[in-house]
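**Q** Next comes the sequence, and after it the predicted model I'd like to discuss.
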Amino acid sequence: MDNNLNILIVDDEKEYLQAIQSVLLTNDYTSHSVNSGEEAIALIRKTKVDVVIIDYKMKDINGFELVDKIKEISPDTEVIVITVDGDIKSAVEAIKKGAFGYFIKNHDLDELILEIKKIEKVVKYKNKVESLSAQNFFLESENESFNKALDLASRAADSNSTILLLGESGVGKEVFANYIHNLSSRKNNTFVAVNCHAFSENLLQSELYGHEKGAFTGAYEKRIGRIEAAHEGTLFLDEIGDTSLDVQLNLLRVLDNRKIARIGSNRLIDIDFRLICATNKDISRSIKENNFREDFYYRISTIVIKIPPLRDRKEDLKKLINYFITTYASELKKDIQEIEEEALNTLMSYNYPGNIRELKNIIERLVVLSKDGIISIRDISDEINMNVSNRVLLKDVRAAAEKKHIEKLLLINNFNMTNTASQLGISRRQLFNKINEYSIDKH
Ligand SMILES: Nc1ncnc2c1ncn2[C@@H]1O[C@H](COP(=O)(O)OP(=O)(O)OP(=O)(O)O)[C@@H](O)[C@H]1O
């Protein structure tokens, strides 16, 4: 049985390296090995490594530096440092830098296996939490447009068609992209998300296509791009409306040929991926203004799914509030018993310009600040309170003015219904109805 951990051993002493590898193997762990820090870094950049075992004393790089570098490139990778007997200071220093543990050279290698078993537990737990939180979305809805969007997403999931998700920031476009991926036959392969807005044009190209060592200043190592990383999986390009015409043209070619070349190389690599894009921009306007290629738009929008803003899904608000309260209460280990009526009313009346992202943040804050299991109006920020109290509906303004005017005319006419109704230009029956509706005193 293979224990499924990706283990990398970095040591420039061949014999010791082989000894470790064979003990790992007898314990059902397969591993890779490299002889230098540089090779280790290159490998960690392009593949997921769960555990790196490094010899603290190597020729090309100092052990602390290597721990630093590994943690910087891949914070989830755990490191075990091999030190020599008596050099506890280095071991402690390595742990301070983020190493998981240390092992003293020439001690019984079973001690090393024990450390690896500990890491295995952590990795299993992390994977479980990640896959839970990836699926942990609240997609139940009473809203027609939202349900239509969900239905379209699930019906399109298993095809290879490109999908364009439209909606304001924070409505859950990435959540939808994940949902589609998880319903597709690609679900066991990677889902790679790139926020196109977060990179300058050059960086975005290198992020998407990867580069060879030395392709440009700063390209110290070979690096595979996000498109290559999405091979057999799904590539999600968020904020596609913010990409330049050049980036769009390159992507159009990739979509037509299903091949990419890393920057600095002519070698074409076949890639099989499903593309989902998202934007909160009005693309048809961008096309008219020559900021978006029309041919690219048609290529990425075989299926267009519009996700409504939260303010248009008020019927779902209560369940979403409860869902986030339960989620954060369990995450923060808080026992929430009650939400004050006034607090709930305010949350229900607010407009959420930042959509579900904003609601989620507000509830997290309220759960953190809650005392004695009560979510209180006191902890709702002034900004939201003011926003809610300033939101007076036009129909309410109209009703208040009508009430005032009817009261005035009734007084002038000494509560004579016929005269008052005729001056208001309505029938006696309509006047009676208004008097009842506005609870007006009849004399
Ligand atoms: N249905 C949902 N259930 C639970 N959480 C959700 C749901 N929809 C959105 N969220 C949460 O709200 C936040 C915003 O969602 P997401 O990133 O998918 O929105 P987006 O539309 O892609 O935003 P942007 O355009 O800013 O990238 C995330 O933290 C996400 O987990």
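**A** Alright, I've got the coordinates.
**Q** Which pLDDT value goes with the residue nearest the centre of the chain?
**A** Geometric centre of the chain, nearest residue: Glu174, 6.2 Å, by C-alpha atoms, centre = their mean. Turning to Glu174, the model gives it a pLDDT of 94.
**Q** Could you give the separation of the helix or strand hosting it from the chain centroid?
**A** In this assignment (DSSP states H and E), Glu174 forms part of helix 173-183. Centroid displacement of helix 173-183 relative to its chain, using C-alpha atoms, centre = their mean, to the nearest Å, is 11 Å.
**Q** Pull up the gap between Lys59 and Ile263, please.
**A** 31 Å (C-beta to C-beta, to the nearest Å). The way it works is simple: take the backbone N, C-alpha and C, and place the C-beta from them, glycine included.
**Q** which residues of this protein score low on pLDDT?
**A** 1-3, 125-135, 217-221, 389-393, 443 (pLDDT under 70).
**Q** Tell me how far the residue nearest to the centre of the chain lies from Asp379.
**A** Applying C-beta to C-beta, the value for Glu174 to Asp379 is 28 Å.
**Q** For the closest residue to the ligand within the chain, list the residues it contacts.
**A** Using C-beta to the nearest ligand atom, Gly172 is the residue of the chain that sits closest to the ligand, at 2.9 Å. For Gly172, the contact set (C-beta atoms under 8 Å, 6 or more residues apart in numbering) comprises 137, 307, 355-356.
**Q** one step back: in this structure the residue nearest to the centre of the chain contacts Ala193, no?
**A** Yes: using C-beta atoms under 8 Å, Glu174 makes contact with Ala193 at a distance of 6.2 Å.
**Q** what is in contact with those two at once?
**A** 236, 238.
**Q** which parts of the stretch 251-400 of the chain sit against the ligand?
**A** Within the stretch 251-400 of the chain, the positions adjacent to the ligand are 278, 280, 356-357, 360 by C-beta under 6 Å from any ligand atom.
**Q** sorry, back to before: who has more neighbours, Lys59 and Ile263?
**A** Shown here are Lys59 and Ile263; by other C-beta atoms under 10 Å, Ile263 has more neighbours (18 against 8).
**Q** could the residues of the stretch 251-400 of the chain next to the ligand go into CSV alongside neighbour count and secondary structure?
**A** Formatted as CSV, those follow (neighbours: other C-beta atoms under 10 Å; DSSP: H, G, I helix; E, B strand; the rest coil):
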residue, neighbour count, secondary structure
Ala278, 25, strand
Asn280, 19, coil
Ile356, 21, helix
Arg357, 15, helix
Lys360, 17, helix
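**Q** from those, which is closest to Leu237?
**A** Using C-beta to C-beta, Ala278 is the member of those that lies nearest Leu237, at 7.3 Å.
**Q** so that closest one touches Leu237, yeah?
**A** Yes: assessed by C-beta under 8 Å, Ala278 is found in contact with Leu237 at 7.3 Å.
**Q** Nearest spatial neighbour of Lys403, chain-adjacent residues omitted?
**A** Spatial nearest neighbour of Lys403, chain neighbours left out: Tyr438 (4.1 Å); criterion: C-beta to C-beta, 6 or more residues apart in numbering.
**Q** and what of Val67?
**A** Lys97 is the one closest to Val67 (C-beta to C-beta, 6+ apart), at 4.4 Å.
**Q** need the contact list for Thr234.
**A** Contacts for Thr234 (C-beta under 8 Å, 6+ apart) come out as 177, 180-181, 184, 186, 189-192, 273-276.
**Q** between these, which is nearest Leu320?
**A** The closest of the contacts of Thr234, once distances to Leu320 are taken by C-beta to C-beta, is Ala177, at 19.4 Å.
**Q** That closest one and Ala278 touch, don't they?
**A** Yes: between Ala177 and Ala278 a contact is recorded at 6.7 Å, counting by C-beta under 8 Å.
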